[in-house]
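In: Take a look and give me a structure for this.
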Amino acid sequence: MLTFSREQSLGAERKRREELVSVKASICPAVGETDFLLSARGGEKEGGSGTRSHMMWLILIYSCTGGAALLYALYRWVIPAAVQYHGGLALLWHDVIVERMLDTLTQSTRPQRLLSAVQKNATRGDPRSVVKAIDHFCRHKEWAMNVGDEKGCILDSVVTEVNPHTVLELGTYCGYSTVRIASLLPPHAKLITLEFNPDYAAVARQVIAWAGLEEKVQLVEGASSDWIPKLKEQFGIQTFDLVFLDHWKDRYLPDTKLIEEFGLLRKGSVLLADNVICPGTPDYLEYVRSSPQYKSQYFKSHLEYTKVEDGLEKSVFLG
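Out: Model prediction:
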């Protein structure tokens with residue numbers, strides 16, 4: 001009886017084991033699949049970390065690109081448009097902030113960059129192509145304080161009207177107005193232009209030479225107050241038919257009085273002064289408009305390459 005019970009128990013145990021083996025075999029694919037899924041999910045976690053890192057880099061790149069594009073838009077279009085109608089802001093932006101920034105970035109000066117534009121785009125020996133190249137540079141690349149294209153047309157008309165044989169220009173800068181004036185002078189006429197800054201003078205000489213006008217122009221370096229008393233002696237000129245004032249604005253009136261003092265004007269000589277509104281020369285305007293020695297006329301225009309009001313004052317010396 002005991003033996004039967006033991007054999008019966010062993011048989012039952014054997015059967016139970018077989019059933020377990022069968023069950024295990026039947027669930028192995030599911031276990032394998034589960035392991036695979038767990039492994040895949042682990043991979044997704046690792047891949048997710050890599051994707052997040054990739055996305056962070058993309059966001060950083062897009063942010064930098066967008067920021068750079070925004071800064072360029074502000075620099076190239078938004079701020080220039082915003083200061084178009086305000087003289088003080090226009091001069092601060094163009095003549096201080098932008099110029100210093102570009103000088104630092106390019107390790108060059110604005111006159112040097114302007115000269116490069118002339119040499120690249122203007123035809124040697126063609127004054128009008130030089131003027132056109134500078135105007136294009138100043139309107140589309142980098143503002144510069146020349147008399148500019150709009151007021152330049154007024155300058156041209158006055159030069160043509162006066163038809164001078166002797167011209168004095170105070171303030172050469174890069175030679176823009178020098179080229180405009182000299183290109184309209186009759187044969188054997190002489191233009192003396194004074195420039196205080198030797199770096200500007202060096203560039204102006206090259207611009208004038210590129211225009212083919214060296215024979216008509218005498219560029220003199222130094223302060224106007226030093227040279228005006230010596231002009232007769234140094235250059236054998238008795239009087240000037242036309243004087244173009246475009247240098248330091250606080251020197252317009254003192255230099256005009258020096259010109260008068262040393263007898264450099266004759267009856268009918270014309271003074272033409274630029275920037276009388278912006279940056280402005282109120283003391284000079286008051287003098288030539290109130291003095292019985294002059295008959296003055298104002299030509300309304302705009303500050304070079306902007307919409308800021310400016311103009312030229314033409315004053316005929318009555319003797």
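
In: can you list contacts of stretch 213-227?
Out: For stretch 213-227, the surrounding residues in contact (CB atoms under 8 Å, 6 or more residues apart in numbering) are 127, 170, 172, 175, 178-179, 182-183, 185, 189-196, 198, 201, 204-205, 208, 234-235, 247, 251, 254-255, 258. C-betas here are computed from N, CA, C, even on glycine.

In: Give me the subset of those lying in helices.
Out: 127, 178-179, 182, 198, 201, 204-205, 208, 234-235, 254-255, 258 (DSSP state H).

In: can you name the two of those residues that are farthest apart?
Out: Largest separation among the ones in helices among the contacts of stretch 213-227 by CB to CB: P127 and P254, giving 31.6 Å.

In: Have a look at those two and say which one is more surrounded.
Out: Shown here are P127 and P254; by other CB atoms under 10 Å, P127 has more neighbours (21 against 15).

In: Can you tell me the closest non-neighbouring residue to the more buried one?
Out: With CB to CB, 6 or more residues apart in numbering as the criterion, P127 has its nearest non-adjacent residue at 3.7 Å, and that residue is S183.

In: looking at it, the one you found is touching D126, isn't it?
Out: No. Counting by CB atoms under 8 Å, S183 does not reach D126; the two are 9.3 Å apart.

In: Same drill for those two, tell me which one is more crowded.
Out: Counted by other CB under 10 Å, S183 and D126 do not tie: S183 has more neighbours, with 18 against 15.

In: V288: which of the ones in helices among the contacts of stretch 213-227 is nearest?
Out: Nearest to V288 out of those is D255 (CB to CB; 12.5 Å).

In: give me the number of residues near the closest residue to the closest one other than its chain neighbours?
Out: Leaving aside its chain neighbours, D255 sits nearest to S224 (5.1 Å; criterion: CB to CB, 6+ apart). Using other CB under 10 Å, S224 has 22 other residues around it.

In: measure S224 to S269 for me?
Out: 17 Å (CB to CB, to the nearest Å).

In: so where do the strands sit in the stretch 101-250 of the chain?
Out: 166-170, 190-195, 217-221, 240-245 (DSSP state E, counting those that start in this stretch).

In: list the helices and strands the first one packs on?
Out: So the one you mean is strand 166-170. Contacts defined by 3 or more CB pairs under 8 Å, 6 or more residues apart in numbering; DSSP states H and E place strand 166-170 against helix 176-182, strand 190-195, strand 240-245.

In: same check, this time on the last one
Out: The criterion is 3+ CB pairs under 8 Å, 6+ apart, and the helices and strands that strand 240-245 contacts are helix 148-162, strand 166-170, helix 176-182, helix 252-261, strand 265-273.

In: Can you give me the buried ones in the last one?
Out: Residues of strand 265-273 classed as buried: L265, S269, V270, L271, L272, A273 (neighbour count, 16 or more other CB atoms under 10 Å).

In: next one: that strand to chain centre, how far?
Out: Offset of strand 265-273 from its chain centre (CA atoms, centre = their mean, to the nearest Å): 35 Å.

In: I'd like to check the angle between it and strand 166-170, please.
Out: With axes from the mean of the first three to the mean of the last three CA atoms, to 10 degrees defining the directions, strand 265-273 sits at 40 degrees from strand 166-170.
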